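Chemist: need a structure here:
(chains A, B, C and D)
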Protein chains: 2
Amino acid sequence: MNVQDSCIIRHFSHFCRLSDDDKKLLRRLEESPEQVKAGTVLWQEEDRASEFCTLSRGWAYSYRNLGDGSRQILEIYLPGDIIGLREFAFSQRLAGVAMIDDGVVCHFPHRRLLEIFNQSSTLTAILFAISSRQQALLTERLINLARRTAHQKLAHFIYEMFLRLLQTGALSDGDFRLPLSQEQLADTLGLSAVHVSRTFSAFREQGLVLRERHHVKLPDPEALARVAEFDDCYLNDSVRPIFFDGTEAAMRLTNAHSADEGPVPK
Amino acid sequence: MNVQDSCIIRHFSHFCRLSDDDKKLLRRLEESPEQVKAGTVLWQEEDRASEFCTLSRGWAYSYRNLGDGSRQILEIYLPGDIIGLREFAFSQRLAGVAMIDDGVVCHFPHRRLLEIFNQSSTLTAILFAISSRQQALLTERLINLARRTAHQKLAHFIYEMFLRLLQTGALSDGDFRLPLSQEQLADTLGLSAVHVSRTFSAFREQGLVLRERHHVKLPDPEALARVAEFDDCYLNDSVRPIFFDGTEAAMRLTNAHSADEGPVPK
DNA sequence: TTTTTCCGATAACCCAGGTTAATCAAGCCT
DNA sequence: AGGCTTGATTAACCTGGGTTATCGGAAAAA
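Modeler: Next up is the predicted model:
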């Protein structure tokens, strides 16, 4: 049973060891893979919403166009993420989604989720956990946008991406691809593209972030985290929850991670 | 079977007609009601998180204290809301919660939710819908804080509260109690208290909002919505979803509302 | 190869909203 | 009654970041 072939399964295994039935259910979400090119719009605001999407390869983002012609980027999706959960309760899309990179997506109908609710309370709990984690991310971003200076905003965003990529095991040192233009960053952070440029210049002088094309290097990630006043308890291991508290043996937490790494000290 | 006695049940019935078993499950959430006074802190950031809370009476808010001594108010809870869902995936609280008003809250353990996942896929779907709706609210707030002017922020907030109160049936015209101080509003909107005051003054002159003590009057709610560039599709009837798409007869959408009002046109 | 397009850098100017501070009205205590 | 505290208002001043504009370099198109 190869786990590598599905980043959804890898993603879910993060929370809890999965039974074969669970894995089968998850694999059904990825029945219809589709290649999509950078810039492709998966859907737009107010489109009818009747399905979701898993992202198997490439990056994507969701956005809202605002009245004045500007737009706000809401979310950056990485491989293994489910796109559109946000709209579970709605019949219309609340936000558009577009590909940043070339990639592969798999559409699946609304119904599949209800099947999961019916057939696996483990997966249900994990879905709930994912959704709650997304809310935590969103909340942190809200604070970031509402309260912090441009320097902190940009530092925070970069560091958050750094951590997310670390978690998916996609990188080891502070050196990674960040395929967003400065304009996209500006739309994400509620800044002007000009000011993003200014801020990168400042970071370069301080040796905090070296950006070139679609590539960034963080000589000292910790320093960046300090600038951002980054509070990582919303992202990291505290996501390894007591959320299966023994009601059923089958639901007991057996974290895929701890199997790999042994119990984490500290 | 009296529905009035539980605002949770009323809240859930909004989405879907409930079976008696479902109602019984919900009532278990409210087994231990507790009176709490205005200002009471239900819990603080980083407290251990092992239970949730329903709010039966009064208003509450969640907040985060920031490094520089300021704080961000994240969410305003009204009667019928579940507090703490955000932390489902976490073992620590990510935000503090405090009462605005005197009120009544009911704690229930983490385990209750898992029971619901196991025993009722209808309730599970509704919980998911609530969580997705909360995310939609959060997203809208994010845009509000990231992108709009002080006037728009305040207008947006007031109008959103107006709509939420309308939905719970707590009011009919544009005339309601808003028990938040200007400082709390400032903390919610990422403004200074001084500027909130300035903005209220401007609104008063324009006849948009008349605020006095903890009471606001909206002579022309539509005008306010226009100032706020309010997009109500994230809050209103589109929350009446196709999210039960016929997989099971039992899960078919039979909206409690439409029973009251007859099928809604348009 | 040349042309066009896109992306980023830098500079000059300006304003929305933060900060500080003074003042006032309304409960609250004793 | 008189002091205290808490919230709201208004004014004076300042700054972070928006806006506009210009320029250079790299990639994509021709």
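Chemist: When you work out contacts or count neighbours from here on, use the C-alpha atoms and nothing else.
Modeler: OK.
Chemist: Under the pLDDT cut-off, which ranges of the stretch 1-150 of chain A? List them.
Modeler: Judged by pLDDT under 70, the stretch 1-150 of chain A has its weakly predicted residues at A:1-5.
Chemist: Now the most centrally placed residue in chain A. Nearest residue, chain neighbours left out?
Modeler: Note on chain A: the residue nearest the mean C-alpha position is residue A:77, at 4.5 Å, using Cα atoms, centre = their mean. Spatial nearest neighbour of residue A:77, chain neighbours left out: residue A:60 (5.0 Å); criterion: Cα to Cα, 6 or more residues apart in numbering or on different chains.
Chemist: so that neighbour sits right up against residue A:101, yeah?
Modeler: Yes: using Cα atoms under 8 Å, residue A:60 is in contact with residue A:101, at 7.0 Å.
Chemist: of these two, who's got more company?
Modeler: residue A:60 (26 against 18; other Cα atoms under 10 Å in any protein chain shown).
Chemist: how about the residues of chain A near DNA strand C?
Modeler: A:180-183, A:194-195, A:197-198, A:200-201, A:213-214 (Cα under 7 Å from any atom of the strand).
Chemist: domains of chain A?
Modeler: If you go by automatic domain parsing, the domain ranges for chain A are A:1-147, A:148-235.
Chemist: does DNA strand D sit close to the last one?
Modeler: Yes: in terms of Cα under 7 Å from any atom of the strand, part of domain A:148-235 sits within range of DNA strand D, namely A:148-151, A:190-195.
Chemist: If you rank the residues you listed by neighbours, which is first?
Modeler: The most crowded member of the residues of domain A:148-235 next to DNA strand D, judged by other Cα under 10 Å, is residue A:190 (23 neighbours).
Chemist: Tell me who's in contact with it.
Modeler: By Cα atoms under 8 Å, 6 or more residues apart in numbering or on different chains, the contact list for residue A:190 reads A:72, A:145, B:146-147.
Chemist: Sitting in helices, which of the residues you listed do you find?
Modeler: A:145, B:146-147 (DSSP state H).
Chemist: out of the residues you listed, who's nearest DNA strand C?
Modeler: residue B:147 (8.7 Å; Cα to the nearest atom of the strand).
Chemist: just the domains of chain A: most buried one?
Modeler: Highest mean neighbour count of these: domain A:1-147, a mean of 19 (counted as mean count of other Cα atoms under 10 Å in any protein chain shown).
Chemist: related to what we said a few turns ago, could you dump the ones in helices among the contacts of residue A:190 to JSON lines with distance to residue B:53?
Modeler: As requested, those are exported to JSON lines (distance: Cα to Cα, whole Å):
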{"residue": "A:145", "distance to residue B:53": "28"}
{"residue": "B:146", "distance to residue B:53": "30"}
{"residue": "B:147", "distance to residue B:53": "33"}
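Chemist: can you map out the strands along chain A?
Modeler: In order along the chain, chain A carries the following strands (DSSP state E): A:33-36, A:41-43, A:51-57, A:60-65, A:71-77, A:82-83, A:96-99, A:103-109, A:175-177, A:210-212, A:215-217.
Chemist: Including distance to residue B:126, could these go into TSV?
Modeler: Shown next, in TSV, are these (distance: least, Cα to Cα, whole Å):
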stretch	distance to residue B:126
strand A:33-36	29
strand A:41-43	25
strand A:51-57	17
strand A:60-65	24
strand A:71-77	24
strand A:82-83	19
strand A:96-99	24
strand A:103-109	18
strand A:175-177	39
strand A:210-212	45
strand A:215-217	42
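Chemist: Out of those strands, which gets nearest to residue B:113?
Modeler: strand A:82-83 (22.6 Å; Cα to Cα).
Chemist: what about the closest one, near chain B?
Modeler: No: remark: strand A:82-83 sits outside contact range of chain B, by Cα under 8 Å from any Cα of the partner chain, the gap being at least 12.5 Å.
Chemist: Give the partner strands of that strand in its sheet and their orientations.
Modeler: Counting by DSSP bridges, the strands paired with strand A:82-83 are strand A:51-57 (antiparallel).
Chemist: got the contact list for the strand it pairs with?
Modeler: By Cα under 8 Å, 6+ apart, the list of residues contacting strand A:51-57 reads A:6-8, A:29-30, A:77-85, A:102-110.
Chemist: Mind checking the domains of chain A for the one nearest to residue B:35?
Modeler: That would be domain A:1-147 among the domains of chain A, by Cα to Cα, at 27.8 Å.
Chemist: How far does the closest one sit from its chain's centre?
Modeler: 9 Å (Cα atoms, centre = their mean, to the nearest Å).
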